[in-house]
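Undergrad: heads up, no residue letters with this:
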């Protein structure tokens, strides 16, 4: 197997997802699964995570079939992380019906020496203490990105701030950006986040797209206006696509960051077309190229 | 005076505006004022509206100084329309403290023969019956755009639908688009609006920018991320800029519609920099050109 260029730490889970028209049971989910399956289209990717002994072998096979390195995916006695959610007709609104942490409750990520010097690291949304543990276990000086959620802003803001201080790229949604900074506009919130440490703040706005703040540059990109069948994992696929593209380029600068946001947006828009990772695993280079052109035609003017 | 190319019907008012840092009293406001002051940068523009005998002469002089045709602006005994609003620190949230219709309560727009054949017509946000009255008073076959607000969707939906059936371009914000169509996503709501009659649906999303739907074309444009000092009239300046630009081109097609949304966005972003129409009246061609380039640099990628 090719040496991994990007290490992704986060949840691997089984999801039961209901929409107004469809229900799927115990399908593959989790932030690490979505972001790795997105990133792997751009760069060799490894997952750090944990599953239970109930984890279906076909999911493991599928991940391996995408050349995702599972060396750091532990299997522990017990149940795999489980989430059950229901989307309303307006898919911006979802209700969590059940969450069972299972083996994820005692997860302590281990980074073997073989992977400690991976040059790119993405800390997907997990407890900030685990994000810090992984940061401390890394060798060399990886380029680090992190994602988070409102839960950690509410419950462990100080730990989360310690993470933010140490990352190069912070992914955050617009409401969370306002929550953690107390600033009311996105540009001011993004400036406040960058003042905490990160070089770049990537503010996710759902179906309103994304704003990327880096040095004196602001990049605004819409979401692709398509009908989502299952919005689960869109943010993870977005971040995975961005980080996979940046890792593939081996540098961080304005044009690469802009292009990476395009790739992230493309991967997110493909992800939501089908449930779970069903569409994401089938994506090919033509799909990506076509959707980049669609995004260009959505945004260009004379 | 040059013959008007664009007729704008709507409110002309006096606003008292409070933000967390500033208060201004009885400054010039109203949808027609903002949209005409924006449109006049692109094409000769006339206002149809009413003011009371308390309307300060300096406001009238200012409008005339922008070559806005006030032939159809009636002066009636009584008070000019008055609005008093207060913005929170998050300027997306505002509270109306007072509204006094004054002479606007009995307003019945009259279109003199000299103006009935104006080729472009913008029905700014007023009672849908007045919008219909103006439509019925026009001669020839003007290209018509209309704006509206949640009040009319709640109180006179059938009349509003009669307006929508007869316009070429419908301006509407995202929540209103969902309200009037019962559809949950913006593309579906825009399709439903276009199925009612309009060739183009222009969905305004505040600081998330705008989406323009026309034939098989979708155009997404972000708002310019600046700190607003007074967001009043941003939507009116946007629509006025769009309609002024379209009227100046003398045709409606995909590139012109896209470019007009750029001009509308530029004019809205300039408007919110200062209170009332203070910034809008000072705009020159360089300001517009510079901001078009800023918008291009916000959205372009390789």
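TA: Sure, I can see it. Remember, it's a predicted structure, so these values are computed and weren't measured experimentally.
Undergrad: list phi and psi for residue A:294.
TA: Dihedral angles phi and psi of residue A:294 (degrees, to the nearest 10) take the values phi -60, psi -40.
Undergrad: count of residues packed around it?
TA: Residues within reach of residue A:294, counting by other C-beta atoms under 10 Å in any protein chain shown, total 16. Using the backbone N, CA and C atoms, a C-beta is placed for each residue, glycine as well.
Undergrad: show me what contacts it?
TA: Contacts were defined as C-beta atoms under 8 Å, 6 or more residues apart in numbering or on different chains; by that measure residue A:294 touches residue A:224.
Undergrad: please apply the same query to residue A:222.
TA: If you count contacts by C-beta under 8 Å, 6+ apart, residue A:222 has them with A:208-209, A:265, A:295, A:298-299, B:209, B:211, B:220, B:222.
Undergrad: now residue A:167
TA: A:123, A:144-146, A:197-198.
Undergrad: farthest pair within those?
TA: Using C-beta to C-beta, the contacts of residue A:167 reach their maximum pairwise distance at A:123 and A:197, which is 13.5 Å.
Undergrad: which of these two has more neighbours?
TA: Neighbour comparison, residue A:123 and residue A:197: the larger count goes to residue A:123, with 28 against 15 (by other C-beta under 10 Å).
Undergrad: who's that one bridged to?
TA: In this structure, residue A:123 has the following beta-bridge partners (DSSP bridges): residue A:9, residue A:146.
Undergrad: in this structure it contacts residue A:6, no?
TA: No. In this structure, residue A:123 sits apart from residue A:6 without contact. The criterion is C-beta atoms under 8 Å, and the distance is 11.7 Å.
Undergrad: flag the shaky bits of the stretch 1-150 of chain A, pLDDT-wise.
TA: For the stretch 1-150 of chain A, the stretches with pLDDT under 70 are A:1.
Undergrad: for chain B, what's its nearest residue on it.
TA: Shortest the stretch 1-150 of chain A-to-chain B distance, computed as C-beta to the nearest C-beta: residue-wise this is residue A:90, at 4.0 Å.
Undergrad: before we move on, what SS does that residue have?
TA: The three-state label for residue A:90, taken from DSSP: H, G, I helix; E, B strand; the rest coil, comes out as coil.
Undergrad: would you confirm that it contacts residue B:184?
TA: Yes. With the criterion set as C-beta under 8 Å, residue A:90 and residue B:184 qualify as a contacting pair; they are 4.0 Å apart.
Undergrad: more neighbours, these two?
TA: Set side by side, residue A:90 and residue B:184 show unequal neighbour counts under other C-beta under 10 Å, the larger going to residue B:184 at 15 against 12.
Undergrad: contacting residues around the more buried one?
TA: Applying C-beta under 8 Å, 6+ apart, we find residue B:184 in contact with A:89-91, B:178.
Undergrad: highest neighbour count among those residues?
TA: Per-residue neighbour counts (other C-beta under 10 Å) across these peak at residue A:91, which has 21 neighbours.
Undergrad: skipping adjacent residues, who's closest to that residue in space?
TA: residue A:231 (5.0 Å; C-beta to C-beta, 6 or more residues apart in numbering or on different chains).
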